[in-house]
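Q: sequence first, predicted coordinates after that:
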Amino acid sequence: MKVLFIGGTGFISTAVSRMAIAEGFELYVLNRGARSAPLPGSQSVTADIHRPDEVHAALPDVEFDVVVDWIAYTPDDIERDLALFAGRVEQYVFISSASAYQKPPAHYLITESTPLHNPYWDYSRNKIACEERLMRAYRDEGFSATIVRPSMTYDSNLPIALGGWGTYTLADRLLRGLPIIVHGDGSSLWVVTHADDFGRGFLGLLGNEKALGEAFHITTDEVLTWNQIYQTIAEALGVEADIVHIPSDFIARMAPQMSGSLLGDKTWSTVFDNTKIKSFVPGFQAIVPFEEGIRRTLAWFAADAGRRSVDGAVHAEMDRILEAYGEKSR
Ligand SMILES: NC(=O)c1ccc[n+]([C@@H]2O[C@H](COP(=O)([O-])OP(=O)(O)OC[C@H]3O[C@@H](n4cnc5c(N)ncnc54)[C@H](OP(=O)(O)O)[C@@H]3O)[C@@H](O)[C@H]2O)c1
């Protein structure tokens, strides 16, 4: 199968690219080449997806069985992809987000039929608009789309709600014995999925005719509380977490840029029913427990000091919120 990944070297997609190559897919990976060297075994395509001239030059008249856009966020991105790939692809896969599911949730258990409605987070509303545009294209324009909604997925990133997504900052705080913020009382339920597990389900959808016009989430069945997530990270680092619980709405008032991600997502207990992906991809089962997956992530960070980027602005922000919440007087 000839497959194009737009992105392909990100937090989720790196693992999936490697798995696709190992499974014998003819994989083309389009990105700017800024993050990493080309993945061995793939065809590297260098272009900025927002620059049509570069994309046309890099992909002249190429047809693919499957195109996966890992980095489409707005309906404009979808229009661009429709213009690029309509009539040139058997299956187009849009990476949406499980944060698109109804918030606040009417029921803690999420299936693919849960309504898509998120009044709190622009990011999620844009993903919903992308999905709607694609379903119209599927129904009215014969464009074969599949939608995949990852929930929090990790590999070379720490799966956290606060503390510097994509950086080592939270681990740095833990290792230095600094307090960390856990939203609410840390008892709400959450699901963190290792990218290898996501990939096992995801690759089964590629070239799968039954998946056209369908939407899926792909998560582990392991359910944790936020306290357990942070405590497991701390244990894997060999330290004890100094957790300070702060209500989400207080954090959102102090740091409005976190409000969508907290009030529109991580504040709510979220558990996924994975029956659909299991029925479309027989044999799919997530197999990486968090205790093991986080050790792999920390080993990845440990292997190279250049990977352990610490964001001073995030430290300062955490300290500012803690101070405002009265931590100094603890
Ligand atoms: N991780 C999660 O927990 C989670 C949860 C829900 C949804 N999602 C969704 O998953 C997707 C993210 O996937 P990911 O983790 O693999 O991606 P990612 O970590 O955001 O990586 C971005 C990738 O896109 C490339 N890229 C960025 N800007 C580009 C541009 N202008 N032109 C061409 N390539 C560009 C990057 O390489 P270069 O920098 O070299 O170009 C890299 O390969 C998003 O759609 C997100 O909404 C993720």
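A: Thanks, I have it.
Q: show me where the stretch 1-150 of the chain has strands.
A: 2-6, 26-31, 43-46, 64-69, 89-95, 109-110, 145-149 (DSSP state E, counting those that start in this stretch).
Q: distance of the closest residue to His315 other than its chain neighbours from Pro115?
A: Sequence neighbours aside, Thr169 is the residue nearest to His315 in space, at 6.2 Å (criterion: C-beta to C-beta, 6 or more residues apart in numbering). In short, each C-beta sits where N, CA and C put it, glycine included. Separation of Thr169 from Pro115 (C-beta to C-beta, to the nearest Å) stands at 35 Å.
Q: between those two, who's got more neighbours?
A: Thr169 (25 against 11; other C-beta atoms under 10 Å).
Q: what sits against that one?
A: Applying C-beta atoms under 8 Å, 6 or more residues apart in numbering, one finds that Thr169 lies in contact with Gly163, Ser309, Val310, Asp311, Val314, His315.
Q: re the thing from before, could the strands of the stretch 1-150 of the chain go into CSV alongside mean neighbour count?
A: Output for the strands of the stretch 1-150 of the chain, formatted as CSV (neighbours: other C-beta atoms under 10 Å):
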stretch, mean neighbour count
strand 2-6, 24
strand 26-31, 22
strand 43-46, 16
strand 64-69, 22
strand 89-95, 23
strand 109-110, 16
strand 145-149, 24
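Q: okay, those in TSV with distance to Ala37 and mean pLDDT next?
A: Below are these laid out as TSV (distance: least, C-beta to C-beta, whole Å; pLDDT from 0 to 100):
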stretch	distance to Ala37	mean pLDDT
strand 2-6	16	97
strand 26-31	11	97
strand 43-46	9	95
strand 64-69	21	98
strand 89-95	23	98
strand 109-110	37	98
strand 145-149	26	98
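Q: list the contacts for the residue lying closest to Ser188 once chain neighbours are set aside?
A: What sits nearest to Ser188 in space, not counting adjacent residues and going by C-beta to C-beta, 6+ apart, is Ser269, at 4.5 Å. Neighbouring residues of Ser269 by C-beta under 8 Å, 6+ apart: Pro105, Tyr108, Ser188, Leu189, Trp190.
Q: tell me where this structure has helices.
A: For the chain, helices defined by DSSP state H occupy the ranges 13-22, 52-58, 75-85, 122-141, 169-175, 195-203, 226-237, 248-254, 259-261, 275-280, 290-302, 312-324.
Q: contacts made by the fourth one with the rest, please.
A: Right, the one you point to is helix 122-141. By C-beta under 8 Å, 6+ apart, the list of residues contacting helix 122-141 reads 72-75, 77-79, 82, 86, 92, 94, 96-97, 99-100, 103, 116-119, 143-145, 147, 149, 212-213, 215, 260-261, 264-265.
Q: restricted to buried residues, select these in ChimeraX.
A: To isolate the buried subset of these in ChimeraX, counting by 16 or more other C-beta atoms under 10 Å, use the following:
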select :72,73,75,77,78,82,92,94,96,97,99,100,103,116,118,143,144,145,147,149,215,260,261,264,265
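Q: if we look at the ligand, which of the contacts of helix 122-141 are close to it?
A: Contacts with the ligand within the contacts of helix 122-141, as defined by C-beta under 6 Å from any ligand atom: Ser97.
Q: got the residues of the chain near the ligand?
A: So far as C-beta under 6 Å from any ligand atom goes, the chain lies against the ligand at 7-13, 31-35, 48-50, 70-71, 95, 97, 150-153.
Q: give me the number of residues near the residue of the chain found nearest the ligand?
A: Scanning the chain for the residue nearest the ligand gives Gly10, at 2.2 Å (criterion: C-beta to the nearest ligand atom). Using other C-beta under 10 Å, Gly10 is surrounded by 22 other residues.
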